[in-house]
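Visitor: this one's sequence-less:
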Ligand code: NAD
């Protein structure tokens with residue numbers, strides 16, 4: 001069990017009296033799930049004022065282990081009263097947190113980083129259980145979030161303002177101030193990394209937050225909050241609520257929430273961006289993707305094949321930066337059989353099994369949809385070179401899991417579902433073209449612009465590609481070019497809505513607003529010289 005009731009108390013709540021059952025997470029630094037056996041589904045609590053609280057909700061959603069489809073947990077649709085509690089806790093905590101010195105906030109961030117590192121395997125194990133990815137990949141999920149927290153510790157440099165003596169005895173300084181409460185809405189595929197794209201920056205910039213993890217994988221975010229509280233984050237600064245549309249709508253609509261940070265699919269992202277922006281909120285929304293990898297005939301062949309298969313099938317293709325389209329240029333189409341041969345050696349299985357290269361899909365409907373897209377694309381003329389449908393690991397425990405082995409479709413063309421839709425599964429579509437220009441045209445016509453990769457040994461070809469491919473994150477001989485957090489996550493075109501990207505310098509700008517202060521401290525008291533008020537525009541020379 002991940003959580004258990006430790007005490008009950010009666011407390012006056014803002015929306016009336018109710019029993020508040022305070023829980024604690026029973027996974028610890030050393031005691032956490034190491035396999036798929038869960039005796040009893042645990043109830044995921046919410047996190048408000050640094051307490052884990054059992055929801056009063058009558059509506060609970062089952063969380064299934066994707067490898068077995070056994071129910072491992074339940075997550076509530078937070079009630080209206082619980083949403084109100086979380087938002088008002090964040091509102092009350094804001095003034096004191098904003099005024100907490102930056103050195104103190106930085107100190108808490110350092111401690112938070114240390115705790116995240118210590119608890120890496122504990123968080124990763126919950127990710128394996130709820131999300132399905134392999135343990136090593138789940139450690140990567142935590143690590144990429146941890147790196148954002150590490151970079152956030154540099155806030156004492158990143159938040160420095162600007163000052164200039166603009167005129168005699170007159171100085172203008174520009175500072176950046178926090179916004180207030182930030183609402184963060186997260187997807188299922190990175191249960192630790194995505195909450196950590198926002199949480200550390202919220203903390204160091206002096207904001208407070210109401211976070212809604214994906215209702216399919218809330219466990220990692222719960223541990224992360226426990227660690228934030230242990231690191232010294234005061235009650236109310238970080239709060240977690242749960243649920244689906246009702247929770248998201250409350251976060252969008254409540255006027256106390258000043259900014260929205262969203263990561264997920266196109267439909268929800270567009271809705272949140274449009275509705276949030278119309279209400280005057282600052283919104284950043286990272287959306288879906290279709291990432292191409294272009295290979296030129298001069299590329300190092302085996303290096304390219306290893307990189308491609310890792311990026312296409314790792315995490316069962318459930319990464320927004322997964323490579324889902326291979327574009328073979330010229331005679332590189334002759335390498336396809338070798339790609340298929342190596343991909344067929346990848347092992348699909350339990351995330352807790354060290355020999356697995358990829359785990360199951362998140363749920364049966366994702367599996368069904370991926371299988372349908374494969375079927376439809378074959379009917380439309382694609383050639384099925386590797387078919388992962390119907391794959392089952394040999395262990396009888398996993399017969400009901402959502403497994404799809406690596407699948408490769410060749411002769412794919414725009415207009416086929418395999419090319420047009422984000423499949424979010426271990427399915428690689430191969431498109432053949434004759435020139436780098438045709439490859440670039442294909443990429444630039446695609447509605448998405450998250451990531452792209454080129455494999456070549458030619459500097460001039462790489463430079464040409466850099467200049468002409470219109471995609472936000474580009475890898476040259478790098479298959480998943482997600483920048484480290486000293487840079488931003490720069491998805492573009494159909495993969496991003498907003499003006500300020502996630503983390504990096506743009507992240508700091510997203511969580512803060514500028515203020516200029518112009519001050520005059522006269523070195524001589526010249527009152528006697530001022531004969532009358534000046535009504536002309538001050539030019540300060
Ligand atoms: P999703 O859009 O289904 O869910 C994301 C969040 O939005 C969840 O918290 C969910 O509860 C909420 N939500 C879903 N539908 C909603 C609706 N109609 N109204 C209001 N809220 C809604 O996405 P997902 O399936 O959890 O995640 C996979 C998607 O996320 C993929 O498309 C993937 O490309 C994308 N993603 C993008 C990035 C990126 O950085 N570009 C990173 C990770 C995932």
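Guide: Received it, and whenever you're ready, just let me know what you need. Computed from a prediction, not measured in an experiment: that's the story for all the values here.
Visitor: helices and strands around the longest helix belonging to the chain, which ones?
Guide: What stands out as the longest helix in the chain, according to DSSP state H, is helix 80-99. Packed against helix 80-99, as judged by 3 or more C-beta pairs under 8 Å, 6 or more residues apart in numbering; DSSP states H and E, are the following elements: strand 46-48, strand 170-178, strand 181-185, strand 208-212, strand 238-240, helix 245-253. All C-beta spots, glycine's among them, are computed from the backbone N, C-alpha and C.
Visitor: compare the ones you listed and give me the one nearest the ligand.
Guide: helix 245-253 (3.7 Å; C-beta to the nearest ligand atom).
Visitor: okay, now residue 334: neighbour count?
Guide: Residue 334 sits with 10 neighbouring residues when counted by other C-beta atoms under 10 Å.
Visitor: wait, a strand at it?
Guide: No. When classified by DSSP: H, G, I helix; E, B strand; the rest coil, residue 334 is found to be helix rather than part of a strand.
Visitor: how much space between it and the ligand?
Guide: Going from residue 334 to the ligand by C-beta to the nearest ligand atom, to the nearest Å gives 31 Å.
Visitor: distance of that residue relative to residue 295?
Guide: From residue 334 over to residue 295 the distance is 11 Å, taken as C-beta to C-beta, to the nearest Å.
Visitor: follow-up on the earlier one: just put the helices and strands packed on helix 80-99 in JSON lines and tack on mean pLDDT, mean neighbour count and distance to residue 398.
Guide: What follows is those, written out as JSON lines (pLDDT from 0 to 100; neighbours: other C-beta atoms under 10 Å; distance: least, C-beta to C-beta, whole Å):
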{"stretch": "strand 46-48", "mean pLDDT": "98", "mean neighbour count": "27", "distance to residue 398": "32"}
{"stretch": "strand 170-178", "mean pLDDT": "97", "mean neighbour count": "16", "distance to residue 398": "47"}
{"stretch": "strand 181-185", "mean pLDDT": "98", "mean neighbour count": "26", "distance to residue 398": "31"}
{"stretch": "strand 208-212", "mean pLDDT": "98", "mean neighbour count": "28", "distance to residue 398": "30"}
{"stretch": "strand 238-240", "mean pLDDT": "98", "mean neighbour count": "28", "distance to residue 398": "31"}
{"stretch": "helix 245-253", "mean pLDDT": "98", "mean neighbour count": "18", "distance to residue 398": "32"}
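Visitor: what comes up buried for stretch 260-267?
Guide: Along stretch 260-267, the positions that meet the burial threshold by neighbour count (16 or more other C-beta atoms under 10 Å) are 260, 261, 262, 263, 264, 266.
Visitor: the fourth one pairs with what?
Guide: On the basis of DSSP bridges, residue 263 is bridged to residue 286.
Visitor: and the closest residue to the ligand within the chain, its phi and psi?
Guide: With distances taken as C-beta to the nearest ligand atom, the chain approaches the ligand most closely at residue 264, which sits 2.6 Å away. Backbone geometry at residue 264, expressed as degrees, to the nearest 10, gives phi 170, psi -150.
Visitor: how about it, what does it touch?
Guide: The contact partners of residue 264, by C-beta atoms under 8 Å, 6 or more residues apart in numbering, come to 185, 186, 187, 214, 286, 287.
Visitor: the first one against residue 260, yeah?
Guide: In other words, residue 185. Yes. Taking contacts as C-beta atoms under 8 Å, residue 185 lies within contact range of residue 260: 7.0 Å.
Visitor: ok, residue 298 touching residue 459?
Guide: No. Counting by C-beta under 8 Å, residue 298 stays clear of residue 459, with 10.6 Å between them.
Visitor: the more surrounded of the two?
Guide: Neighbours around residue 298 and residue 459, counted as other C-beta under 10 Å, are more numerous at residue 298. The numbers are 13 against 9.
Visitor: nearest residue to the more buried one other than its sequence neighbours?
Guide: Ranked by C-beta to C-beta, 6 or more residues apart in numbering and with sequence neighbours excluded, the top spatial neighbour of residue 298 is residue 457, at 4.5 Å.
Visitor: over to residue 193?
Guide: Computed as C-beta to C-beta, 6+ apart, the closest residue to residue 193 that is not its neighbour in sequence is residue 145, at 4.1 Å.
Visitor: what kind of secondary structure is that neighbour in?
Guide: Classification of residue 145 using three-state DSSP returns helix.
Visitor: now do the one 3 residues further on
Guide: Secondary structure state of residue 148, per three-state DSSP, is helix.
Visitor: my read: it touches residue 202, true?
Guide: No. At 11.1 Å, residue 148 and residue 202 do not qualify as touching, with contact defined as C-beta under 8 Å.
Visitor: quick one: which of the two has more around it?
Guide: Neighbour tally, residue 148 and residue 202, criterion other C-beta under 10 Å: the higher count belongs to residue 202, 28 against 25.
Visitor: in space, what's closest to the more buried one - neighbours in sequence excluded?
Guide: Taking C-beta to C-beta, 6+ apart as the measure, residue 202 lies nearest to residue 209, with 4.5 Å between them; neighbours along the chain are not counted.
Visitor: roughly how far does that neighbour sit from residue 254?
Guide: 13 Å.
Visitor: and the residue nearest the centre of the chain?
Guide: Of all residues in the chain, the one closest to the mean position by C-alpha atoms, centre = their mean is residue 194, 2.7 Å from it.
Visitor: which SSE is that residue in?
Guide: Element membership for residue 194 (DSSP states H and E) is helix 193-204.
Visitor: got the angle between that helix and strand 170-178?
Guide: Note on geometry: by axes from the mean of the first three to the mean of the last three C-alpha atoms, to 10 degrees, helix 193-204 and strand 170-178 are set 140 degrees apart in direction.
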